[in-house]
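Q: Sequence and predicted structure, then a few things I'm wondering about:
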Amino acid sequence: MPSSTPARDIEYRQHLEVETPEHVVLDLEIAGFASRLLAALLDSLIVTGLGVAWFVLLAVLLGFGLLGEPWFGALVLLGGFALWNGYFILFEGLRRGQTPGKRRLGIRVVRDTGHAVTLGDAVVRNLLRVADFLPPPYLGGLLLMAFHRRGKRLGDLAAGTVVVRDRPAEWLRPAAAAPAPSALAAPELSDAEFRLLGRFLDRAAQLDAPARDRLAGSLAVRFGARLGHRSGAPLELLVELHARELASRRGLGGARGGRAERLAARQEARWAEFSALAERAARRGLDGFRAEELPDFAARYREVAADLARARTYGAEPAALARLERLVAAGHNALYRDERKTWGATWRLVARGFPAAVLEARRVVLIAFLVFALPAAGGYRLLRERPELAGELIPEVMLRRAAAGHARLAEGRRYVEVDWSARPATASFIITNNIRVAVACFAGGIFLGVGSLVLLAYNGLAIGTFFGHFANQGLLGYLLEFVLGHGVLELSAIWIAGAAGFLLGRSVIAPGDLSRADALVVNGRLAARLVGMAVVLLAIAGLIEGFLSVSGAGLGLRAAVSGGSALLLLLYVRNGSVREGRLKRPGASSASEWPAPRFPAGWPGSPGRADPG
C-alpha cells in the first residue's frame, strides 16, 4: 500500500548539530572526503614551495657572504622541519581552523562543540598524523575518514575536532536593476513559484551552461507575461523577476507571501551587512574591529541567530537555511572562543603550563620511566653476563665505536668529536631527530598505549645493552662522559613524551567516569602540554649535545653542565602547579560550560547586564 507521506530527497551528506548559548541549533555540514584531500594536496604544494623559497634565500645569503657555511645546513634542516610540522599547527591553531588549502576549498576545522579550535587542539590533531600515516601511505587515516560517521581521523578523535564546510557553494546572482515603485504593489508569483525560482537561481552555479540555459528557457516559458516584454537572455529576465518579486514581498504589497519569504525580504540587507562583518572576523578575528564596532557585531549576531530560529519555524527553503546557518556559525566562532593569543600567554604556557602538566601527570611519567628503566637494567645485566650476545643485539656502528675506544683514549680523544664547522648542523640533526622520536612515542599511544610502550622499552633495552657492552670492554666511563652533558634532559623528555602517549592509551582502555571519546579529548589536551615540555627539553639537550658533548671539553665542564641542567629541570617543574577542579565533558552543551564570548564590559550579553533578548 503506497505511503501517504510525501517523498523526501535522500540526504547523503553528513551533518553535525550543535546548540549555541542562544539555544539555536547549528547544522554544520561535514566536509567531504574529496575536498579534504584536495585541501591537503594544495597545502602540501604550498609547503613545498615555501621550503624551496627558504633554501633559495639561504643560498643567496651564503653566496653574498651574509651567512656562514656552518649555519647553512643547520638552518636548512631546522627551517624545513619547522615548516613542515608548524605549517598545519600554526595555521589551524591561530587562523581559526583554516590552512590556505582549507580556506580555498571552503572547509574549516572546528571543535565538536562548534567552537573555533585552539592551538592545543591543533597540536594534538596534527602530531597524530604520524599514527594516521600507518600503514603507509596514510591508509589508516584515509579509511577512518571514509567510514567514520563524522569523517574523523585519529587526530580528530584525540583533539575533539571535526572538519566542516565553511561556505557551501553558492552562486552570486547578477545585480538586477531596482524595480519601479509601481512594481511594489503586490507579488506577481505564488509562494510555490517564488520558491521554485529561488531554488533554481541558488543552484544555477552547479549546472553546466547548456543545462542552465535550457532550464532557464523552460522557466521563462512557464512564467510567460510576468517576465515583461523586454528582450534579453532568459536567465537575466529571471534574475530581474526574482529581484522585483523580492522587493514586492518586502513592501506592503507582500501580504500574500509566506512568512519565510517575508522574513527573507525584510532582513536581506541586514544579512548582507552581517555577512561582510563575519568575513572580516574570519580573516582578522575580533581584533580587527574598532571598539565601537564590537557591540554592533554582537547585536547583529544575535539578530541573525533569532532569524535562523524563525526561518526554521516558518519552513524556509534549504538554501536560505544554509545561508543563515553559515552566518550564525561564523559569528559564533568569532565570539565564543578562547582568550586571544598573546606573547605573554605563550610565555605563561611555556613557563607554567608545560611543567604543570608534568606535575599533573606525574604518576604516568613515573610509569613511563619504569617502562624505560627496567628494560635498560635488564639489557645491561644481560650483556654483562653474556657478552657473546653483543653481535646479535648491538648495531654494527656501536660495535665499531666500542672497538675503537681504547685507541681513541690513548690518543686523548673523546667518544665523538666534531669540528666546530659541523656542529651547528649536528645540533640541528640531533634536535629534529629526537623530536621526531618523541612525537612518534606520543602518537603511538593512540594504539591502546602499545606504540608508546614498545618505543620506550626498545630504547631502554638498546641503551642498556650499549652500556653493558662498553662496560665489558672497560669503556663505561668513556661512554658516560659523552652522555653526561645532555643525558638528563634528553632522557627526561623521552619519558615525558611516553607519558603523553600512555594518557591517550589509558583514555581508550580505562576512561573512568567519562566516555572513551570524551576521555580521549581531555587527556589529549593534557598530553599536548606534555609534548610541548618534551620539545623544550629536547631543544636544549640537542644544543648541549651538538656543541658540548661532541667537543673536546673535559669531564669537569660536562659534569657541571649536567648538574646545572638537572637543577634547572627541577626548578622548571617546580614552577608549574597542578590545575585543580574536575574537568568538564568536552561535548557538554550547557551554556555555562561554553567559553565566554569576548564582550567588552557594559554591552549586551556582558556580565552584570541583563540580556535584552
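A: Yes, it's here. Numbering: from 1, shown residues only.
Q: Phi and psi next, for E188.
A: Main-chain torsions, E188, degrees, to the nearest 10: phi -100, psi -20.
Q: what's the domain layout of this structure?
A: As assigned by automatic domain parsing, the chain contains the domains 27-165, 181-335, 344-574.
Q: Of the ones you listed, give the one that comes closest to V18.
A: Comparing the domains of the chain against V18 with CB to CB, the closest turns out to be domain 27-165 (3.7 Å). The C-beta positions use only the backbone N, C-alpha and C, and glycine is treated the same way.
Q: So what would you say the end-to-end distance of that closest one is?
A: 11 Å (CA to CA, to the nearest Å).
Q: Which parts of the stretch 451-600 of the chain are helices?
A: With DSSP state H, counting those that start in this stretch applied, the stretch 451-600 of the chain shows helices at 476-484, 487-509, 516-544, 555-574, listed in chain order.
Q: what's the longest one packed up against?
A: Read that as helix 516-544. In terms of contacts (3 or more CB pairs under 8 Å, 6 or more residues apart in numbering; DSSP states H and E), helix 516-544 is packed against helix 119-127, helix 154-159, helix 354-360, helix 423-443, helix 487-509, helix 555-574.
Q: Next, the buried residues of the longest one.
A: Buried residues in helix 487-509, defined by neighbour count with 16 or more other CB atoms under 10 Å: 487-508.
Q: now the angle from that helix to helix 119-127?
A: 90 degrees (axes from the mean of the first three to the mean of the last three CA atoms, to 10 degrees).
Q: what angle do helix 487-509 and helix 476-484 make?
A: The directions of helix 487-509 and helix 476-484 differ by 70 degrees, with the same axes, to 10 degrees as the criterion.
Q: Give me the helices and strands touching helix 487-509, please.
A: Contacting helix 487-509 under the criterion 3+ CB pairs under 8 Å, 6+ apart are the following elements: helix 362-385, helix 423-443, helix 450-472, helix 516-544, helix 555-574.
Q: Would you mind giving those as TSV with mean neighbour count added?
A: Rendered in TSV, the data for those read as follows (neighbours: other CB atoms under 10 Å):
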stretch	mean neighbour count
helix 362-385	18
helix 423-443	22
helix 450-472	21
helix 516-544	24
helix 555-574	14
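Q: Select, out of these, the one closest to D307.
A: The closest of the helices and strands packed on helix 487-509 to D307 is helix 516-544. By CB to CB, the value is 32.3 Å.
Q: residue nearest the centroid of the chain?
A: The chain has A122 as the residue nearest its centroid, 2.8 Å off, counting by CA atoms, centre = their mean.
Q: so who does it touch?
A: Applying CB atoms under 8 Å, 6 or more residues apart in numbering, we find A122 in contact with F88, I89, L90, E92, G93, G97, V109, A159.
Q: cool, and G120?
A: Here G120 is in contact with G93, R525, A528, R529 (criterion: CB under 8 Å, 6+ apart).
Q: same question, A361
A: A361 sits in contact with A499, A500, L503, L526, L530, where contact means CB under 8 Å, 6+ apart.
Q: will you turn those residues into TSV that also has distance to F64 and pLDDT?
A: Rendered in TSV, the data for the contacts of A361 read as follows (distance: CB to CB, whole Å; pLDDT from 0 to 100):
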residue	distance to F64	pLDDT
A499	47	97
A500	43	97
L503	49	96
L526	47	95
L530	43	96
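Q: Can you pick out the most distant pair from those residues?
A: In the contacts of A361, the most distant members under the criterion CB to CB are A499 and L526, with 9.6 Å between them.
Q: Can you point out the helix or strand that includes L16?
A: strand 15-19 (DSSP states H and E).
Q: what packs against that strand?
A: In this structure, strand 15-19 packs against strand 25-29, with contacts taken as 3+ CB pairs under 8 Å, 6+ apart.
Q: Look up which helix or strand L142 falls in, please.
A: Here L142 sits within helix 139-147, counting by DSSP H and E.
Q: Mind giving me the packing neighbours of that helix?
A: When contacts are defined as 3+ CB pairs under 8 Å, 6+ apart, helix 139-147 packs onto helix 33-63, helix 129-132, helix 154-159.
Q: and if we set it to 7 Å?
A: The criterion is 3 or more CB pairs under 7 Å, 6 or more residues apart in numbering; DSSP states H and E, and the helices and strands that helix 139-147 contacts are helix 33-63.
Q: which residues are contacting the helix or strand that R214 is a member of?
A: Using DSSP H and E, R214 sits within helix 209-223. Where contact means CB atoms under 7 Å, 6 or more residues apart in numbering, the residues beyond helix 209-223 that reach it are L197, F200, A204, L227, P234, L235, L237, L238, L241.
Q: hmm, try it at 6 Å
A: By CB atoms under 6 Å, 6 or more residues apart in numbering, the residues outside helix 209-223 that reach it are A204, P234, L235, L238.
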